[in-house]
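> no sequence on this one, just coordinates:
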């Protein structure tokens, strides 16, 4: 079983910054992709950013140039640096990890989510 735990959410003013962290733990053989998604009551869960084990990244158009995803493979941890935050970035942010718990035994795990609120 693989657990994924997020941290770092909170309340920030427009234009401010926050850094989210997400650590995966448990019976991990390898992790392929780790990513951040967000969801509001009005919008379905959507991809924010993701990063492969090799460091390839992709971002939602709405966050390009403002958010940066990074990863520490040794710690099974992914980070999301969010700058120039806007009210429309307000959402619950979820971390996702996929990989293998053993050879040819894949897993996909989600965290519980962390609230990010951008408001003056």
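Structure received. Please read all numbers here as calculations on a predicted model, not as lab measurements.
> and residue 12, what does it touch?
Each residue near residue 12 by C-beta atoms under 8 Å, 6 or more residues apart in numbering is listed here: 18, 85, 116-118. Bear in mind the C-beta positions are built from the backbone N, C-alpha and C, glycine included.
> at 10 Å what do you get?
Neighbouring residues of residue 12 by C-beta atoms under 10 Å, 6 or more residues apart in numbering: 18, 82, 85, 89-90, 116-120.
> buried subset of those?
The neighbour-count test (16 or more other C-beta atoms under 10 Å) marks 18, 82, 85, 89-90, 116, 118 as buried among the contacts of residue 12.
> if you look at those residues, which of them are in strands?
18, 82, 116, 118 (DSSP state E).
> would you turn these into JSON lines with pLDDT and distance to residue 57?
Below are those laid out as JSON lines (pLDDT from 0 to 100; distance: C-beta to C-beta, whole Å):
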{"residue": "18", "pLDDT": "98", "distance to residue 57": "19"}
{"residue": "82", "pLDDT": "98", "distance to residue 57": "14"}
{"residue": "116", "pLDDT": "98", "distance to residue 57": "20"}
{"residue": "118", "pLDDT": "98", "distance to residue 57": "22"}
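> For residue 109, see how far away residue 100 is.
12 Å (C-beta to C-beta, to the nearest Å).
> joint contacts of these two?
Common neighbours of residue 100 and residue 109, using C-beta under 10 Å, 6+ apart, are 2, 28, 31.
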